[in-house]
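Q: Sequence below, structure please.
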Amino acid sequence: MAKIAIKRLTAADLTLFQWQFKHQTSGGNQKAINLNADVFIDELYPTLPGHAASTAGRLPIDLFIYGPGGAPEYNLQRKIIKLGTYKNWRLDGEFIFNPENEPDRFNVLVPGDLVVLAFTGDQFPSSARAVFLARAVPVDAQVHAALDAELATRAMMAIGGAELQRILERIPGLPPDHAVNVLELDTALEDAVDGGAAGKRRLFAARRTTTMTLADLEEARRRAADTGRLGEEAVFLYLSHMLETGQIQALEWVSDRQPFAPYDFIVVRGGPDERIDVKTTLGEFERAIHISTAELEVMAQGNYRLFRVSNVTVADADLHISGDVSAFAAHVLATFAALPPTVAVDAISVSPNQLPWEQTFKITVPVVRLPR
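A: Numbers count the residues shown, from 1 in each chain. Sure thing, here's the model as predicted:
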């Protein structure tokens, strides 16, 4: 799950670019982009200072740069550093030069332009995607204006992927292949490997600005499987506690021995058996939920709940528990009935906000590893 931040660039930040350093008169000799500690540490990576102590305050990072404008991916190796006298952390390393085939690429950037950073890594960043937005470049102008308004008077702010996506969706005429759309490719990959059409469209639109390989797809499939298993383990721990404390009378982890079952657990509370299906994402609750037709058919029979596990960390996760979803399933299946008999629908994607949630609380994640 990417950790995303928007930052307004200062003259000092722009000195990371060799052309800017050479031609500016007010940027000083910093040669780095400041990563404001109140956001980068306090909100995104609160455990990083302890980790960085073992690396002398230097963290190598795989940096993927996009923009300004429609400029494609540019991959470099850089560092995030925090040395003794520095107030903030910095994206540092060697100068960033204009690529040979784009000799003026970064020259258009000026103080007040923006960079949106998406860091990968749960406890410390191992890679980052950086999308530079220049308000003087027509293709960037609307995106810059929308994010600048969100940033308001702040120098830097953290933002959730779903929130960023909602902002971008409100921009009229935003090209689907604009570089800013690469920031949440992990969301698109998660959706695509589960069969989501929206994720596949986003990945295809991003083909001009970033590279996606078969190896990336296989890794995403592995990560999705690990994420699903992690969610089931967390829910099993929660339900086992309910069993031990007498809140339920029986518990069976069905999918542990039958992976293609249309639900994951059966619990008994004193009445008819209740079926539970776990839908897990490392990211925000708002990410699309994928439900198979086989699941819908059992769901429509009643006594079926969805458990949505989201915002997973090494310690805990959010758990949303639905109410009765049988009416929702019956309505969807009735819609399918109007299709020709030779057409079959295998699955649907649905916004969680369309479902009836009754409870929300934190649960413990029983393992320290997270899918990456």
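Q: Just the buried residues of the biggest helix by length in the chain, please?
A: With secondary structure taken from DSSP state H, the chain has its longest helix at helix 214-244. Across helix 214-244, burial judged by 16 or more other CB atoms under 10 Å covers 220, 223-224, 226-236, 238-239. For the C-beta atoms, the positions are set from N, CA and C on the backbone; glycine is no exception.
Q: just stretch 58-65 next, same as before
A: 59, 61, 63-65.
Q: Could you give the number of residues near residue 270?
A: Neighbours of residue 270 under the rule other CB atoms under 10 Å: 7.
Q: That one falls within a helix, correct?
A: No. Going by DSSP: H, G, I helix; E, B strand; the rest coil, the assignment for residue 270 is coil, not a helix.
Q: Residue 268 versus the nearest residue to it once chain neighbours are set aside, what's the distance?
A: Counting by CB to CB, 6 or more residues apart in numbering, residue 249 is the residue found nearest to residue 270 once chain neighbours are left out, at 6.2 Å. Residue 249 sits 5 Å away from residue 268, taking CB to CB, to the nearest Å as the criterion.
Q: Could you do residue 355 as well?
A: From residue 355 to residue 268 the distance is 24 Å (CB to CB).
Q: same check, this time on residue 303
A: For residue 303, the distance to residue 268 equals 11 Å [CB to CB].
Q: So for those two, which sits in the more crowded spot?
A: Neighbours per residue (other CB under 10 Å) separate residue 303 from residue 268, with residue 303 holding more: 17 against 14.
Q: show me the contacts for the more buried one.
A: 272-275 (CB atoms under 8 Å, 6 or more residues apart in numbering).
Q: least confident pick among these?
A: Of all the contacts of residue 303, residue 272 carries the smallest pLDDT score, 89.
Q: I'd like to know how many residues surround it.
A: 9.
Q: cool, and the one 10 residues further on?
A: Residues lying near residue 282 (other CB under 10 Å) number 26.
Q: So it versus residue 231, what's the distance?
A: Applying CB to CB, the value for residue 282 to residue 231 is 9 Å.
Q: ditto for residue 104
A: 48 Å.
Q: Quick one: distance of stretch 268-284 to the chain centre.
A: With CA atoms, centre = their mean, to the nearest Å as the basis, stretch 268-284 stands 24 Å off its chain's centre.
Q: That stretch: end-to-end distance?
A: Its first and final residues considered, stretch 268-284 spans 30 Å by CA to CA, to the nearest Å.
Q: Could you break the protein into its assigned domains?
A: 3-181, 227-364 (automatic domain parsing).
Q: what's the span of the longest one, first residue to last?
A: Pointing back at domain 3-181 there. 15 Å.
Q: Residue 277 - nearest residue in space that isn't next to it in sequence?
A: residue 263 is the one closest to residue 277 (CB to CB, 6+ apart), at 4.6 Å.
Q: Please verify my assumption that that neighbour contacts residue 297.
A: No. In terms of CB atoms under 8 Å, residue 263 does not count as a neighbour of residue 297; the distance is 11.1 Å.
Q: residues in contact with the helix or strand in which residue 4 is found?
A: Following DSSP states H and E, the helix or strand that holds residue 4 is strand 3-8. Applying CB under 8 Å, 6+ apart, the contact partners of strand 3-8 are 13, 33, 35-36, 39-40, 43-45, 112-121, 125, 147-148, 150-151, 154-161, 164, 183-184.
Q: so how many other residues sit close to residue 278?
A: With other CB under 10 Å as criterion, residue 278 counts 23.
Q: right, I mislabeled it, should have said residue 98
A: The burial count for residue 98: 15, using other CB under 10 Å.
Q: Verify the stated contact: it with residue 107.
A: Yes. If you go by CB under 8 Å, residue 98 and residue 107 touch, sitting 7.1 Å apart.
Q: which residues do those two both contact?
A: Common neighbours of residue 98 and residue 107 (CB under 8 Å, 6+ apart) are residue 19.
Q: for the stretch 151-300 of the chain, what spans make up the strands?
A: Secondary structure of the stretch 151-300 of the chain (DSSP state E, counting those that start in this stretch): strands at 156-159, 250-253, 265-268, 274-280, 289-292.
Q: Need the winner for burial among the ones you listed.
A: Among the strands of the stretch 151-300 of the chain, strand 274-280 has the highest mean neighbour count (mean count of other CB atoms under 10 Å), at a mean of 22.
Q: can you give me the angle it makes with helix 214-244?
A: Using axes from the mean of the first three to the mean of the last three CA atoms, to 10 degrees, the inter-axis angle of strand 274-280 relative to helix 214-244 is 140 degrees.
Q: What ranges in this structure fall below the confidence cut-off?
A: 1, 25, 27, 84-85, 184-186, 188-189, 192, 202-216, 367-372 (pLDDT under 70).
Q: now do 50
A: 368-372 (pLDDT under 50).
Q: where do the helices sit along it?
A: Using DSSP H, helices in the chain cover 11-14, 18-23, 37-39, 48-52, 138-151, 161-169, 185-193, 197-205, 214-244, 293-299, 326-336.
Q: Select, out of those helices, the one closest to residue 73.
A: Nearest to residue 73 among the helices of the chain is helix 185-193 (11.1 Å), distances taken as CB to CB.
Q: Leaving out the residues flanking it, which one is nearest to residue 92?
A: residue 32 (4.1 Å).
Q: What about that neighbour, how many residues nearby?
A: 21.
Q: quick one, what contacts residue 267?
A: Going by CB under 8 Å, 6+ apart, residue 267 touches 239, 242, 248, 250-252, 273-274, 276.
Q: now, among these, which is nearest to residue 345?
A: Of the contacts of residue 267, the one sitting nearest to residue 345 (CB to CB) turns out to be residue 276, at 23.3 Å.
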